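Undergrad: Below are the sequence and a predicted model for it; my questions follow.
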Amino acid sequence: MTTMTSGLELAKAGHREAAFHGLFELGEAAIPRLAEAYRAESDPAVRSLLVEVVWQLRSHSSIDFLGEALQDPDPEVWQEALDGLVTLASPAALRILESTRDRRAASQEEDGGDFREWIEGAIEDVRGRIDE
């Protein structure tokens with residue numbers, strides 16, 4: 001069994017797949033520790049991996065964390081958060097997506113339009129999955 005530390009070391013060494021599997025094996029109980037590691041990590045590639053591991057665990061308890069990761073300045077990271085929120089489509093995920101979109105629009109934050117396009121697509125996907 002991989003420990004959190006060895007999984008993070010693999011990620012930092014560029015062994016994304018091995019790191020993913022090792023961290024994923026820690027299971028849902030590790031989500032709070034994965035979130036802590038995310039907050040302490042400076043490398044966007046490692047943050048992206050941590051977000052992916054969390055959402056791939058498919059736990060609705062991770063929705064708030066994914067909302068936090070949606071604020072990450074690195075596209076590789078916030079795109080993973082969007083993937084997770086769409087995968088975990090729920091009224092809570094939809095509220096986070098809409099509130100993030102509205103907050104960014106209110107602050108007139110410039111992102112070149114990429115974030116706006118991605119989040120609108122995610123909102124549409126989540127709405128469609130909730131209405132099914």
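TA: It's in.

Undergrad: only C-alpha atoms for contact and neighbour calcs from this point on.
TA: OK.

Undergrad: Read off the pLDDT value for residue 108.
TA: Per-residue confidence (pLDDT) for residue 108: 60.

Undergrad: ugh, wrong one, I meant residue 112
TA: Residue 112 carries a pLDDT value of 57.

Undergrad: what mean pLDDT would you report for stretch 51-64?
TA: Mean predicted confidence for stretch 51-64 is 96.

Undergrad: Excluding chain neighbours, give the residue nearest to residue 91 in space.
TA: Residue nearest to residue 91 in three dimensions, not counting chain neighbours: residue 130, with 7.3 Å by Cα to Cα, 6 or more residues apart in numbering.

Undergrad: got a list of what the one you found touches?
TA: Residue 130 makes contact with 89-91 under the criterion Cα atoms under 8 Å, 6 or more residues apart in numbering.

Undergrad: Go again with 10 Å.
TA: Neighbouring residues of residue 130 by Cα atoms under 10 Å, 6 or more residues apart in numbering: 89-91, 94.

Undergrad: Then residue 126?
TA: 85-91, 93-94, 97, 120.

Undergrad: Adding pLDDT as columns, could you present the contacts of residue 130 in a markdown table?
TA: Listed next are the contacts of residue 130 as a markdown table, based on pLDDT from 0 to 100:
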| residue | pLDDT |
| --- | --- |
| 89 | 95 |
| 90 | 95 |
| 91 | 96 |
| 94 | 96 |
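
Undergrad: Good, we can wrap up now.
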